[in-house]
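1. just to be clear, the model below is a prediction. Sequence and coordinates:
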Amino acid sequence: MDDGDQVFKALADPSRRHLLDRLFETDGRTLGELEAGLAMTRFGVMKHLRVLEAAGLVTTRRSGREKLHFLNPVPIRLIHDRWIDKYTERHVSALAELKTTLEESA
Amino acid sequence: MTSSAVKPQAATTQVYSIFIRATPEQVWEAITTPEFTRRYFHGSEIDSTLEPGSPYKSWSPEREHLWVEGEIVESRAPERLVHTWLSLYDEEAAGEQPSRVAWEIEPQDGGVTKLTVVHDQLERSPKTAAGVSGGWMYILSGMKTLLETGEPLGTA
């Protein structure tokens, strides 16, 4: 559940990443809005949304008679805190120092 | 490829959820006591009796500035806390209309609690909407780390 496995698995599919990008553009969409313009069946979109929901990347809320889908970026933030920071911090700060040194001497 | 990198406009309803290895009571305490908020909420101190209709205030460290002002709308420990939100930490956002924040706490199987923050009624506060869209992720990630390890994020 708060295990990163499901998040990595959900992100490993281009259709699911595309659905996340669509929610990033406009959040809080119905299934109908999400499937419009996609080369995917309604069943396919529903299947992908279920995987995204199980990974916590999408949450749904009722608004009147509609079920709206929201992007939940928190699991990606957790991966960032757990993985990206750890492995990039040293390199990034080394590069930042190099940039400062080069720009100062220029 | 660049289209996905630019968010045209921050959403007027924003939903953030996180699973935390803690009890609902612990999560409630983390939301409502200054001893906790100080350690994951940008160092801020919550100041509220939590009575519906009473003020919700969030102070900067040492109570130098009032960062957020609002009113408690609903308070049901340890399940649901709703309050209004006016961002005083940003001059432009301070002139906007108040928005609303709901904290929803749901126990799950295996000693895990699901916390969902719904920040809505942001239609007339675009500055706040843009500002909090990255902020809530950082705050919830920090609360999870604090509750699960006893240490604030980034001190390891």
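-> Happy to help now that I have it. Residues are numbered from 1 along each chain as shown, chains lettered A, B, ... in the order given.
2. CA only for contacts and neighbour counts going forward, please
-> Fine.
3. element containing B:Arg143, please.
-> To be clear, residue B:143 is Met; Arg isn't right here. In the assignment (DSSP states H and E), B:Met143 maps to helix B:126-149.
4. does any bit of that helix sit next to chain A?
-> Yes - contact of helix B:126-149 with chain A (C-alpha under 8 Å from any C-alpha of the partner chain) involves B:137-138, B:140-141.
5. same deal with stretch B:97-110?
-> No - Stretch B:97-110 lies apart from chain A when judged by C-alpha under 8 Å from any C-alpha; the minimum separation is 10.1 Å.
6. returning to that earlier point: return the helix holding B:Met143 as CSV; C-alpha atoms alone will do.
-> What follows is helix B:126-149, C-alpha atoms only, in CSV (Å, rounded to 0.1, in the frame of the first residue of the first chain):
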residue,chain,number,x,y,z
PRO,B,126,-5.8,31.5,-7.9
LYS,B,127,-2.6,32.6,-6.1
THR,B,128,-3.4,30.3,-3.2
ALA,B,129,-4.3,27.5,-5.6
ALA,B,130,-1.0,27.8,-7.4
GLY,B,131,1.0,28.1,-4.1
VAL,B,132,-0.5,25.1,-2.3
SER,B,133,-0.4,22.7,-5.2
GLY,B,134,3.2,21.8,-4.5
GLY,B,135,3.0,22.5,-0.8
TRP,B,136,0.5,19.9,0.3
MET,B,137,2.7,17.1,-1.1
TYR,B,138,5.7,18.3,0.9
ILE,B,139,3.7,18.7,4.1
LEU,B,140,2.0,15.3,3.9
SER,B,141,5.3,13.5,3.0
GLY,B,142,6.8,15.3,6.0
MET,B,143,4.0,14.3,8.4
LYS,B,144,4.3,10.6,7.3
THR,B,145,8.0,10.6,7.9
LEU,B,146,7.6,12.3,11.3
LEU,B,147,4.8,9.9,12.5
GLU,B,148,6.6,6.8,11.2
THR,B,149,10.2,7.5,12.2
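7. any idea of the mean pLDDT for it?
-> For helix B:126-149, the mean pLDDT works out to 92.
8. which parts of that helix are buried?
-> The neighbour-count check on helix B:126-149 (16 or more other C-alpha atoms under 10 Å in any protein chain shown) flags B:126-130, B:132-133, B:136-147 as buried.
9. repeat that for stretch B:91-104.
-> Result for stretch B:91-104 [16+ other C-alpha under 10 Å]: buried residues B:93-94, B:96-104.
10. possible to save these as TSV with secondary structure?
-> Shown next, in TSV, are the buried residues of stretch B:91-104 (DSSP: H, G, I helix; E, B strand; the rest coil):
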residue	secondary structure
B:Ala93	helix
B:Ala94	helix
B:Glu96	coil
B:Gln97	coil
B:Pro98	coil
B:Ser99	strand
B:Arg100	strand
B:Val101	strand
B:Ala102	strand
B:Trp103	strand
B:Glu104	strand
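11. tell me how many other residues crowd residue 69.
-> Because you didn't say which chain, this covers chain A. 22 (other C-alpha atoms under 10 Å in any protein chain shown).
12. looking at chain B here, not the other one
-> 20.
13. cool, thanks, talk later.
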